[in-house]
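Q: Next one to model:
(2 chains)
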Amino acid sequence: MTPPTTSPRTLFAKVWDAHVVQQDAGAPAMLYIDAHLIHEVTSPQAFAMLRQRGLSVRRPDRTFATMDHAIPTRPVDISLWPDDAATQVRTLRQNCHDFGITLFDIEGPVQGIVHVVGPEMGITQPGMTVVCGDSHTSTHGAFGALAFGIGTSEVGHVLASQTLLQYKPKTFAIHVEGQLGPGVTAKDIILAIIARIGAGGGRGHVFEYRGSAIRSLNMANRMTICNMSIEGGARAGMIAPDETTFAWLRGRPYAPQGKDWNKAVAYWRTLPTDADATFDRELTLDANALEPMVTYGTNPGQGVAITGTIPTPDVLTDLAERRSLLSAMDYMGLQPGQKMAGQPIDIVFIGSCTNSRIEDLRAAADIVRGKHVADNVWGIVVPGSKIIKAQAEAEGLDHIFSEAGFEWRRCSMCLAMNDDKAAAGSYVASTSNRNFRGRQGPGSRTLLMSPIMAAAAALHGRLVDVREML
Amino acid sequence: MNPFITLNATAVPLRAENVDTDQIIPARFLTAVTKAGMGEGLFAAWRYLPDGQPTPDFVLNQPQYAGAKILIAGRNFGSGSSREHAVWALTEYGFRAVISPGFADIFYNNALKNGLLPVSLPEDIVHMLLDLVEEQPQTHILIDLPAQTVILPDGQQANFDIDPYRKQCLLEGLDDLSYLLAQGPAISAYEQAHPMPWA
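A: Modelled structure (predicted):
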């Protein structure tokens, strides 16, 4: 008889099983957390709870902080910031100081978006559990980690105990087979997946992205896909670690070094889903058939190919979906049946935890090199971290963008927490992850797309099929 | 955490699907380092006009729904951002329960950690409840957590699921942390055995 531990398991099950500290009957599993990332907006109330209850941080060495949500676009000098943003940043500094936590400070060389910095520093590794008080923590699943967003109460639980009580999610395999055509990117894969399953379609599940199209992606692209797992409602999204993962991680500051590296890689090679393992749900997409995608509505599931049209209510059999579409059209100022190509835009935002990595910036720069944004367009490019900013500047990307009429700046239109807000009624071609009402400013209208699609839209002042420019 | 046992209250009908946490509380209200004051930002974009005056036709601003403690909404409630501020905003405003055909995972967890009961009911029942409280705003809905039922004044009732651990925590007003901290020795043993996942 085969013992249960050798039965075929998924990548998710292997990581989950390795982290269960304890499982009492009738209670959720107590899961050990390997890396805890924190930031200034969702941590202060958790530290306040620790102080109130006289608790310490159990593993300050496994806790890493950066500041990335409330940071104003300008000025640089914190003494000139709005009081509330400055207070959040100073509170995080104080908490990190008092509890002995490593902080990648806004005034240091490593600060950036938490989901960019964690991988960049090699903190995120295959087979780990990674949490953060931010829903886009799913990004780190690109390395074969089990990574998910938590609320502030849970941030407090992890600070105090390095564990969380969690119910075991179900598994959902998403196979993307074939080869992407020119101009079709990782962002289009994930937008197509969410359009297929809907914004709540993955609830209670962990996605595993599989198939030849996924295996051929670089790490930046894998992070883009895993980042938006939450937009499909999933608890997390994972991609099996492989040579691409190992090559990317090697030599990063917190990655294992020397003999430890070999030991780690040997373990990481055991993580991919076993051949006969089964998933609770499965979906297959043909990469060859994918086209550049754009969203038209107010949730990330409301997306179509750039060659397509907004659905008309009569094709939606589900009454709630129909009502949702009509309400979204009203907010977005768009018409059912309308073609997406040609839709005018006012602002282009290239950045966010979804698409602000060096590969994203290079791809967008290739589109705009030697050209200029349309007269009516405000173009913004925001590198995801100071390391990426420095690298992009070393490669001259900042000049390419500036000469093309883009502003090269820091922290901007991810979630309208700072002063950079899109005006009510304006259309934003955005490489971020959420087209929710008001996400980029009260009354603003977000159209999600890939960096090269956003770059192309900037040049034309309207949505175009970037493939026509290649 | 405040215990939740039973609640007999009026309800607000919010006829919308995929109500994300940016709608529940926009990011510009997340700038505090405490939990207080979040109720003011609840549904801000829907509740206030650009000049800050109440939007007359938004349901929370209608006098017949004043004092309601139950929110009824469409499917996939609480999607998007992990901000627990969304739950703090709902509870500070006075809500103790949300009824929906389904909740986003992180919101569901956050709600339970703050004594806000998320009640999942089949979509047709949720739509019946929306119709009912739109027509008769004074309808009292009884939510009985020990029995896991939602009961209407005419005796109609529907059962809802909640796992036994979370139910017990709500009934007794316990949070996870006391449980986790009591497992200190097990955590130490795990850390000794697994210094790193690969070690």
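
Q: so, in contact with chain B or not, stretch A:343-351?
A: No: against chain B, stretch A:343-351 shows no contacts by CB under 8 Å from any CB of the partner chain, the least distance being 15.0 Å. For glycine as for every other residue, the C-beta is placed from the backbone atoms N, C-alpha and C.

Q: Now do the buried residues in that stretch.
A: Using 16 or more other CB atoms under 10 Å in any protein chain shown as the test for burial, stretch A:343-351 gives A:Gln343, A:Ile345, A:Asp346, A:Ile347, A:Val348, A:Phe349, A:Ile350, A:Gly351.

Q: quick one: the first one and A:Arg445, what's the gap?
A: Distance, A:Gln343 to A:Arg445, using CB to CB, to the nearest Å: 10 Å.

Q: same check, this time on the fourth one
A: Distance, A:Ile347 to A:Arg445, by CB to CB: 10 Å.

Q: same check, this time on the second one
A: Computed as CB to CB, the A:Ile345 to A:Arg445 distance reads 9 Å.

Q: again with B:Lys113
A: 34 Å.

Q: Who has more neighbours out of these two?
A: Between B:Lys113 and A:Arg445, A:Arg445 has the larger neighbour count (other CB atoms under 10 Å in any protein chain shown), namely 28 against 22.

Q: May I have the distance across stretch A:282-299, first residue to last?
A: 23 Å (CA to CA, to the nearest Å).

Q: And stretch A:267-276, by the same measure?
A: With CA to CA as the measure, stretch A:267-276 spans 20 Å from end to end.

Q: quick one: buried residues of that stretch?
A: A:Tyr267, A:Trp268, A:Leu271, A:Pro272, A:Thr273.

Q: any idea of the mean pLDDT for it?
A: In this model, stretch A:267-276 has an average pLDDT of 98.

Q: in the stretch 1-150 of chain A, which spans are helices?
A: Assigned by DSSP state H, counting those that start in this stretch, the stretch 1-150 of chain A shows helices spanning A:11-19, A:44-53, A:83-99, A:114-120.

Q: Mean neighbour count, the ones you listed: which tops it?
A: helix A:114-120 (a mean of 27; mean count of other CB atoms under 10 Å in any protein chain shown).

Q: Can you name every helix or strand that that helix contacts?
A: Here helix A:114-120 touches strand A:35-38, strand A:63-66, strand A:129-132, helix A:219-227, helix A:386-394, going by 3 or more CB pairs under 8 Å, 6 or more residues apart in numbering or on different chains; DSSP states H and E.

Q: which secondary structure elements does the last one contact?
A: So that's helix A:386-394. Using 3+ CB pairs under 8 Å, 6+ apart: helix A:386-394 touches helix A:114-120, helix A:358-368.

Q: got the CA positions of the shortest one in PDB?
A: Output of helix A:114-120 as PDB, limited to C-alpha atoms (Å, rounded to 0.1, in the frame of the first residue of the first chain):
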ATOM      1  CA  VAL A 114       6.500  45.800  -2.000                       C
ATOM      2  CA  HIS A 115       5.700  43.200  -4.600                       C
ATOM      3  CA  VAL A 116       8.600  44.400  -6.700                       C
ATOM      4  CA  VAL A 117      11.100  44.700  -3.900                       C
ATOM      5  CA  GLY A 118      10.500  41.300  -2.300                       C
ATOM      6  CA  PRO A 119      11.500  39.300  -5.300                       C
ATOM      7  CA  GLU A 120      14.200  41.800  -6.300                       C
END
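
Q: Just the ones in strands from the buried residues of stretch A:343-351, please.
A: Among these, the residues falling in strands (DSSP state E) are A:Ile347, A:Val348, A:Phe349, A:Ile350.

Q: Since that was my last question, I'll sign off now.
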